[in-house]
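**Student:** The following block contains a protein sequence and its predicted model.
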Amino acid sequence: MRAEDPALRVRALLDSVRAEGRTALTAPEGKVIADAYGIAVPGEELARDVEEAVACAARFGGPVVLKIVSPDIPHKTDAGGVVVGVEGAAEVRAAFRRIVDNARAYDANARIDGVQVQELLPQGQEVIVGAVTDPTFGKVVAFGLGGVLVEVLKDVTFRLAPVDADEALSMLDSIRAAEVLRGVRGRAAVDRWAVAEQIRRVSRLVTDFPEIAEVDLNPVIATDRGAVAADIRVVLASEAPRERRRYTREEILVSMRRLMQPSSVAVIGASSEPGKIGNSVMRNLVDGGFSGEIHPVNPKADDILGRKAYKSVTDVPGEVDVAVFAIPARFVAAALEEVGRKRIPNAVLIPSGFAETGEHALQEEIVAIAERYGVRLLGPNIYGYYSTWQDLCATFCTPYDVKGGVALTSQSGGIGMAVLGFARTTKTGVSAIVGLGNKADVDEDDLLTWFGEDPHTECVAMHLEDLKDGRAFVEAARATVPKKPVVVLKAGRTAAGARAAGSHTGALAGDDAVYDDILKQAGVVRAYGLHEMLEYARALPVLPAPRGDNVVIITGAGGSGVLLSDAVTDNGLSLMEIPPDLDASFRAFIPPFGAAGNPVDITGGEPPSTYEATIRLGLEDPRIHALVLGYWHTIVTPPMVFAELTARVVEEFRARGVEKPVVASLAGDVEVEAACRYLFERGVVAYPYTTERPVAVLGAKYRWARAAGLLGGGS
């Protein structure tokens with residue numbers, strides 16, 4: 001590194017601040033960093049007394065801003081330490097004295113280095129550019145409306161740092177007030193590239209210097225001629241983050257393959273006594289038809305459920321892929337040592353009594369043992385797991401054996417059982433159901449890496465309360481999403497913003513605000529409730545991927561058409577503008593008092609032939625990319641007649657290679673429930689009594705298709 005390298009100046013500055021025992025940089029120190037990284041800031045000088053301030057202001061030759069400079073006063077405005085628009089020697093003198101007096105009144109012990117005299121920037125749009133160290137995702141860059149609006153509106157978007165120029169530009173379109181930046185009411189649009197460059201440079205700064213915890217450029221004055229940061233605030237971390245052990249993708253796949261496709265399973269704590277967890281696990285493994293070897297381990301038994309029992313797992317002959325623990329927490333560490341010596345790669349820890357009950361030391365002990373021997377831990381505090389294509393039911397809960405393409409994970413046992421019940425009620429075929437519990441080791445990114453490669457899995461749905469390593473999850477999601485949808489239900493949304501922060505960016509980066517944007521960045525489909533997650537998991541594999549944005553509604557009821565149109569808009573979908581020739585084609589099949597356009601209202605009294613003809617037209621025309629059907633129960637066209645004709649036509653077109661997503665809303669008497677089940681089983685996502693849910697599923701499919709690169713635009 002050359003002596004003149006700007007990074008050396010930043011390194012020397014940060015080291016000197018650390019040496020003084022400080023974490024907050026002063027404004028002049030912030031300018032050193034800004035200059036080193038090309039972050040545009042106004043001209044400024046540090047005045048240590050009144051007359052020096054007068055001289056500084058004179059050199060700028062116009063109105064100036066005066067700001068207190070103190071390492072002990074990070075929020076200058078709160079201390080009355082900022083005066084804007086000062087001009088002339090008399091005003092400068094008065095403002096200087098007032099600022100210093102206010103600062104001393106605010107904190108009598110504060111060290112005052114002087115007053116910063118800064119060029120007054122022209123009027124423009126105030127925005128904020130910042131970065132924060134998120135406990136889950138690490139360095140995250142932020143952008144939003146600035147000044148007082150940042151605290152009032154909280155209209156901010158986040159991305160993982162570093163960002164490239166294109167990603168920085170995308171942030172300008174991701175806030176609710178994006179239109180303001182494009183120019184409204186005669187105001188010129190801001191220089192988007194200049195704003196994006198401020199974002200990119202801040203993201204590079206915090207990436208290069210991990211000890212920088214928070215950065216604020218607030219406000220950045222954005223005009224049609226550039227973007228200049230009126231103020232820069234930099235806060236250093238008080239301590240280094242704890243490093244998590246990372247595994248390579250190949251290491252993860254090797255261990256997960258043996259976990260999810262084992263040839264041999266040992267049950268530590270197996271029991272012949274009904275009511276014991278060890279008995280339930282054994283019964284599920286045996287009764288579930290697992291074709292591999294099942295080895296009960298119990299020092300007090302010779303035989304359990306007709307299988308030879310072993311005193312220790314080390315006595316089990318041959319290789320073992322998975323050890324399932326069904327013993328009290330206090331005995332786990334000793335048994336895990338034996339698992340390690342046996343070179344078993346996976347331990348499934350059902351017992352509770354670890355970190356979730358405050359026993360952090362006990363959990364840390366088992367993690368240390370596992371790392372020493374190279375054992376991956378699933379749990380502790382879980383219900384176990386199901387790998388249906390292996391006929392493996394390694395759990396003390398009810399069995400489930402309906403094979404299919406949905407992989408489901410949950411951090412909570414109760415949620416896991418809700419998953420199980422939903423799957424059974426809806427006859428959803430699953431490839432796996434996995435409990436994660438405390439996530440002492442194996443977590444969502446491990447499982448997502450495996451499910452992304454698993455040929456039996458078509459869709460992954462995950463309930464989580466937190467992520468141990470957000471960046472590892474994003475990496476796994478980005479590798480999986482192009483191949484199959486990933487649905488995430490993040491619990492704990494209302495706990496956002498509870499922590500203390502040293503900057504506006506830090507205060508705005510509540511857990512959920514960051515999660516929401518980063519999950520979108522990763523391409524996952526976010527669900528906001530358990531039922532929504534489960535419905536997405538069930539329905540997304542049923543629908544083919546759309547090949548364009550044109551959605552057409554065909555309905556037998558005008559009221560349903562209006563609600564379906566609202567749902568289309570609410571889910572970010574586009575109602576197709578029907579061209580004249582297509583409009584005429586639809587009108588040929590509907591009565592004069594019906595309505596073409598979009599929605600296509602065929603009216604409720606039409607026979608099955610009208611439904612069939614219009615659905616056929618919707619599937620035939622290549623300009624239409626997805627169909628939303630609204631059915632109204634009549635005796636003229638009963639529910640099952642509608643279901644059968646729709647399924648038949650959709651299947652006919654799929655056989656011809658025409659695959660479009662088709663969803664349906666059925667309104668009517670209870671007969672529509674059976675009709676919906678019939679349609680669902682035949683590739684048409686259909687729901688009774690709701691116009692919102694089928695369109696929400698279609699919207700989720702579109703969000704995945706965009707993230708997977710199958711359609712233009714962002715996720």
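**Tutor:** Arrived safely, thanks for sending.

**Student:** show me the contacts for T637.
**Tutor:** 556, 606-608, 611, 631 (C-beta atoms under 8 Å, 6 or more residues apart in numbering). Where C-beta positions appear, they are placed from N, C-alpha and C, glycine not excepted.

**Student:** which of the residues you listed sit farthest apart?
**Tutor:** P607 and Y631 (13.3 Å; C-beta to C-beta).

**Student:** Compare the two and say which is more crowded by neighbours.
**Tutor:** More neighbours surround Y631 than the other of P607 and Y631, with 28 against 11 (other C-beta atoms under 10 Å).

**Student:** before we move on, what SS does the more buried one have?
**Tutor:** strand (DSSP: H, G, I helix; E, B strand; the rest coil).

**Student:** And the pLDDT at the nearest residue to it once chain neighbours are set aside?
**Tutor:** Using C-beta to C-beta, 6 or more residues apart in numbering and skipping residues adjacent in sequence, the residue nearest Y631 is L666, 4.7 Å away. If you check L666, the pLDDT there is 97.

**Student:** Just the endpoints, please. Distance across stretch 380-399?
**Tutor:** Using C-alpha to C-alpha, to the nearest Å, the end-to-end distance of stretch 380-399 comes to 20 Å.

**Student:** Return the set of buried residues in that stretch.
**Tutor:** Of the residues in stretch 380-399, 380-397, 399 count as buried by neighbour count, 16 or more other C-beta atoms under 10 Å.

**Student:** what does stretch 120-135 give?
**Tutor:** Buried residues in stretch 120-135 (16+ other C-beta under 10 Å): 120-121, 124-134.

**Student:** From the centroid of this protein, which residue is nearest?
**Tutor:** Centroid-nearest residue in the chain: L519, 2.2 Å away (criterion: C-alpha atoms, centre = their mean).

**Student:** State whether that one is indeed within a helix.
**Tutor:** Yes: under three-state DSSP, L519 falls within a helix.

**Student:** coming back round to it: output the buried residues of stretch 120-135 in a markdown table, with pLDDT and distance to P328 appended to each entry.
**Tutor:** Output for those, formatted as a markdown table (pLDDT from 0 to 100; distance: C-beta to C-beta, whole Å):
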| residue | pLDDT | distance to P328 |
| --- | --- | --- |
| L120 | 90 | 70 |
| L121 | 89 | 66 |
| G124 | 91 | 65 |
| Q125 | 92 | 62 |
| E126 | 92 | 60 |
| V127 | 94 | 57 |
| I128 | 94 | 52 |
| V129 | 96 | 53 |
| G130 | 94 | 48 |
| A131 | 95 | 46 |
| V132 | 92 | 42 |
| T133 | 92 | 39 |
| D134 | 91 | 37 |
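
**Student:** mind giving me JSON lines with the residues you listed and columns for secondary structure and distance to E239?
**Tutor:** Formatted as JSON lines, the buried residues of stretch 120-135 follow (DSSP: H, G, I helix; E, B strand; the rest coil; distance: C-beta to C-beta, whole Å):
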{"residue": "L120", "secondary structure": "coil", "distance to E239": "39"}
{"residue": "L121", "secondary structure": "coil", "distance to E239": "36"}
{"residue": "G124", "secondary structure": "coil", "distance to E239": "38"}
{"residue": "Q125", "secondary structure": "strand", "distance to E239": "37"}
{"residue": "E126", "secondary structure": "strand", "distance to E239": "33"}
{"residue": "V127", "secondary structure": "strand", "distance to E239": "31"}
{"residue": "I128", "secondary structure": "strand", "distance to E239": "26"}
{"residue": "V129", "secondary structure": "strand", "distance to E239": "26"}
{"residue": "G130", "secondary structure": "strand", "distance to E239": "21"}
{"residue": "A131", "secondary structure": "strand", "distance to E239": "18"}
{"residue": "V132", "secondary structure": "strand", "distance to E239": "16"}
{"residue": "T133", "secondary structure": "strand", "distance to E239": "11"}
{"residue": "D134", "secondary structure": "strand", "distance to E239": "16"}
